[in-house]
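J.: can you look at this prediction? I've put the sequence above it.
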Amino acid sequence: VNSMATLEGSERVEVTTPIFYVNAQPHIGHLYSALVADALARFYRTDGKDVLYMTGTDEHGQKIQRSADAKKIPPLQFCDEVSQLFRDLMDKGDVKYDDWIRTTQARHKESVHEIWRRCASNGHIYKAAHEGWYCVSDEVFVVDSEIGEEVRDGKTIKVNKESGQPVEWVKEETYKFKLSAFEEPLLAWLQQEESPVYPEFRRKEMVEFVKNGLKDISISRPRHRLEWGISVPDDEEHVIYVWMDALTNYITVLGFPDEAKLLERWPSVHHILGKDIIRFHSIYWPAFLHAAGLPMPRRLTVHGHWISDGRKMSKSLGNVVDPNGIIDKFGLDCVRYFLLREGGISYDGDFTEDRMQSVFNSELANEIGNLMARSCNLAKTENFEIPSLSDDDKAVIAMLPAMVADFKQHMNQVEFGNAIKAILNVSGAVNRHFSDKEPWKLAKTDPDAARGVIYTALHVLKAIGILLQPFVPATAVKMLEHLCIAEDKRGITDIDFEPVNIPLKPGKIILFPRKKKE
């Protein structure tokens with residue numbers, strides 16, 4: 001297996017979510033993509049990088065035109081309303097993006113026209129008749145092998161096997177992109193030393209897909225079929241088809257068509273996306289870029305979906321998880337921590353309320369929150385000077401460098417569950433040390449030794465507070481404020497491996513109130 005590409009050597013980076021399609025209400029999968037990117041962006045910031053984290057909404061296409069018509073409102077008004085619902089969810093999830101792009105913005109149209117012109121002038125776009133099965137719901141032409149039949153309302157209809165959505169036969173003249181000409185550069189990109197697509201089995205799927213031969217793809221629709229979109233440069237009769245429009249957003253936000261501005265960050269990008277859109281991101285997108293004479297992206301992380309109680313979420317089963325509702329019911333820390341800890345990159349995450357509560361209670365409330373409350377309560381001082389430390393105290397403190405190294409390695413690979421385990425491994429050791437030594441009793445017989453135990457817990461908690469910032473940002477800040485750590489001293493390089501004096505805010509602190517079973 002090749003090593004995975006990371007952005008470790010880059011100082012200025014871009015982190016992206018897929019831009020969300022405004023045809024439907026936000027669901028748990030949208031929140032999850034945004035949280036993964038948010039945690040990654042926050043990690044990069046604590047690791048000293050200059051990060052531009054972008055997200056936003058994808059607003060063109062036939063589905064949106066039809067949805068707006070059904071509501072009897074103009075498409076842009078429909079997009080305004082739904083885009084705002086996504087923004088509201090991001091605010092509620094404490095998703096700290098730097099740029100919110102909408103594909104209806106003027107800056108984006110300019111960017112899409114430029115990438116089209118470059119691909120065309122380099123000879124990669126031509127006009128031709130196109131016919132095939134088209135799935136309106138998925139905005140995609142489907143090949144014969146991807147088509148199944150289902151009986152609905154007593155009629156047999158053809159459907160896209162992957163989504164179950166109906167397809168219709170379409171014949172029209174469109175512009176095509178010469179995807180078939182890019183097999184070699186795509187294989188070179190997919191098979192480079194530092195692999196750009198993670199997890200590895202997804203990269204292998206894409207390599208196989210390319211090796212099976214690529215067909216040219218349609219990148220426009222006639223205006224009489226699709227009005228709602230960006231017109232083809234110099235041809236008002238055709239509208240640019242959704243993928244070439246949507247994918248270009250990642251460079252629009254970096255200032256493209258101003259190439260010098262773009263290259264200040266690009267291609268140091270980390271794209272976060274769900275497994276259902278991997279082909280568009282790891283084949284079409286790098287091919288469009290290459291055709292336009294631009295570098296291909298450094299890293300894509302492809303995550304799984306969410307199921308609920310072991311079953312696929314569906315309205316008919318009544319097990320669809322409403323992201324706003326669960327944040328209202330359980331609080332943001334609980335939801336963020338669970339989704340990021342349990343969400344699957346290589347597999348589908350399984351959402352259950354019971355599991356979410358028990359993970360929160362056992363790891364955050366009982367383990368980290370309890371340790372913070374007990375040690376601050378026993379410290380009873382506003383400036384904890386370094387006491388004499390026993391060998392046992394020193395052995396616990398000596399675990400910090402390995403914890404930080406493990407944490408960084410897992411975060412760079414988007415293995416959040418393992419990054420959290422690196423923290424819990426050490427918080428568990430501190431808790432055992434604290435319980436074994438019983439500093440509340442020890443204070444009566446050997447106050448210096450008791451101070452050593454309490455100090456050790458506080459010293460380690462400072463490091464844990466810094467590392468928890470990507471997962472539970474608001475509470476991590478509360479923790480760091482209580483330990484009097486200045487705002488500009490909350491980066492990973494600020495973690496003290498050697499003992500230093502610890503100033504403390506007076507008063508009790510409860511970080512993670514336990515969740516009670518209803």
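T.: Thanks, I have the structure now. Numbering: from 1, shown residues only.
J.: can you give me how far stretch 32-39 is from the chain middle?
T.: Centroid separation for stretch 32-39 versus its chain: 3 Å, with CA atoms, centre = their mean, to the nearest Å.
J.: pLDDT on it, on average?
T.: For stretch 32-39, mean pLDDT is 98.
J.: can I get the CA coordinates of it in CSV?
T.: The C-alpha trace of stretch 32-39 is given here as CSV (Å, rounded to 0.1, in the frame of the first residue of the first chain):
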residue,chain,number,x,y,z
TYR,A,32,-21.6,14.7,9.3
SER,A,33,-19.6,15.8,6.1
ALA,A,34,-19.5,19.4,7.5
LEU,A,35,-18.4,18.2,11.0
VAL,A,36,-15.6,16.0,9.6
ALA,A,37,-14.4,19.0,7.6
ASP,A,38,-14.8,21.3,10.5
ALA,A,39,-12.9,19.0,12.9
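J.: contacts for that stretch, please.
T.: Residues from elsewhere that reach stretch 32-39 (CB atoms under 8 Å, 6 or more residues apart in numbering): 15-18, 53, 55, 89-90, 93-97, 270, 272-274, 301, 303, 306, 336, 339-340, 343, 349, 414, 416, 470-471. Using the backbone N, CA and C atoms, a C-beta is placed for each residue, glycine as well.
J.: in strands, which of those fall?
T.: Using DSSP state E, the subset of these located in strands is Val15, Thr16, Tyr53, Thr55, His270, Ile272, Leu273, Gly274, Thr301, His303, Trp306, Gly349.
J.: state the distance from the second one to Asp354.
T.: Taking CB to CB, to the nearest Å as the measure, Thr16 falls 33 Å from Asp354.
J.: more neighbours, those two?
T.: Ranked by neighbour count (other CB atoms under 10 Å), Thr16 and Asp354 place Thr16 first, with 28 against 9.
J.: from Met206, how far out is the more buried one?
T.: From Thr16 across to Met206, the span is 18 Å (CB to CB).
J.: nearest to Trp133, of the ones in strands among the contacts of stretch 32-39?
T.: Checking these against Trp133 with CB to CB, the nearest one is Gly274 at 23.3 Å.
J.: who does the closest one bridge with?
T.: Beta bridges link Gly274 to His303, judged by DSSP bridges.
J.: show me the contacts for it.
T.: By CB under 8 Å, 6+ apart, Gly274 lies in contact with Pro18, Gly29, Ser33, Val302, His303, Gly304, His305.
J.: how about 10 Å then?
T.: By CB atoms under 10 Å, 6 or more residues apart in numbering, the contact set of Gly274 is 17-18, 29-30, 32-33, 36, 281, 302-306.
J.: for those residues, could you give me a markdown table that also reports neighbour count and distance to Trp133?
T.: A markdown table is the format used below for the contacts of Gly274 (neighbours: other CB atoms under 10 Å; distance: CB to CB, whole Å):
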| residue | neighbour count | distance to Trp133 |
| --- | --- | --- |
| Thr17 | 24 | 30 |
| Pro18 | 24 | 24 |
| Gly29 | 20 | 26 |
| His30 | 23 | 28 |
| Tyr32 | 25 | 31 |
| Ser33 | 21 | 28 |
| Val36 | 24 | 33 |
| His281 | 23 | 23 |
| Val302 | 25 | 26 |
| His303 | 24 | 28 |
| Gly304 | 18 | 27 |
| His305 | 17 | 24 |
| Trp306 | 22 | 29 |
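J.: which of the residues you listed lies closest to Val253?
T.: For these, the nearest to Val253 is Thr17 (11.7 Å; CB to CB).
J.: contact partners for the closest one?
T.: The contact partners of Thr17, by CB under 10 Å, 6+ apart, come to 30, 32-38, 53-56, 90, 95, 97, 271-274.
J.: any chance of JSON lines for the contacts of Gly274, columns distance to Val500?
T.: What follows is the contacts of Gly274, written out as JSON lines (distance: CB to CB, whole Å):
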{"residue": "Thr17", "distance to Val500": "38"}
{"residue": "Pro18", "distance to Val500": "43"}
{"residue": "Gly29", "distance to Val500": "43"}
{"residue": "His30", "distance to Val500": "42"}
{"residue": "Tyr32", "distance to Val500": "38"}
{"residue": "Ser33", "distance to Val500": "39"}
{"residue": "Val36", "distance to Val500": "34"}
{"residue": "His281", "distance to Val500": "45"}
{"residue": "Val302", "distance to Val500": "42"}
{"residue": "His303", "distance to Val500": "39"}
{"residue": "Gly304", "distance to Val500": "42"}
{"residue": "His305", "distance to Val500": "45"}
{"residue": "Trp306", "distance to Val500": "42"}
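J.: I'd say Lys408 and Ile423 touch.
T.: No - at 11.8 Å, Lys408 does not count as touching Ile423 under the criterion of CB atoms under 10 Å.
J.: what about these two, which has more around it?
T.: Under the neighbour definition other CB under 10 Å, Lys408 and Ile423 were set side by side, and Ile423 has more, 22 against 19.
J.: report the buried residues of the helix or strand hosting the more buried one.
T.: Using DSSP states H and E, the secondary-structure element containing Ile423 is helix 416-437. For helix 416-437, the neighbour count (16 or more other CB atoms under 10 Å) marks 416, 419-424, 426-427, 430-431, 433-434, 437 as buried.
J.: dump those residues into CSV; add distance to Trp285 and pLDDT as well.
T.: Shown next, in CSV, are the buried residues of helix 416-437 (distance: CB to CB, whole Å; pLDDT from 0 to 100):
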residue, distance to Trp285, pLDDT
Phe416, 24, 97
Ala419, 27, 98
Ile420, 31, 98
Lys421, 33, 98
Ala422, 33, 98
Ile423, 34, 98
Leu424, 37, 98
Val426, 39, 98
Ser427, 40, 98
Val430, 45, 98
Asn431, 46, 97
His433, 50, 98
Phe434, 50, 97
Lys437, 56, 97
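J.: which one of those sits closest to Glu162?
T.: Phe416 (27.1 Å).
J.: all strands of the stretch 101-250 of the chain, in order?
T.: Per DSSP state E, counting those that start in this stretch, the stretch 101-250 of the chain carries strands over the ranges 125-135, 140-142, 147-152, 155-160, 168-177, 194-195, 197-198, 217-218, 220-222, 231-232, 235-240.
J.: of the ones you listed, which is nearest Ile509?
T.: Here strand 197-198 is closest among the strands of the stretch 101-250 of the chain (CB to CB), at 37.9 Å.
J.: what sits against Pro286?
T.: Pro286 sits next to 182, 185-186, 189-190, 196-197, 247, 267, 294-297, 300 when contact means CB under 10 Å, 6+ apart.
J.: which strand or helix spans it?
T.: Following DSSP H and E, one finds Pro286 within helix 285-291.
J.: sketch out the low-pLDDT regions of the stretch 1-150 of the chain for me.
T.: 1-2 (pLDDT under 70).
J.: how far out from the middle of the chain is stretch 177-187?
T.: For stretch 177-187, the distance to the chain centre is 28 Å (CA atoms, centre = their mean).
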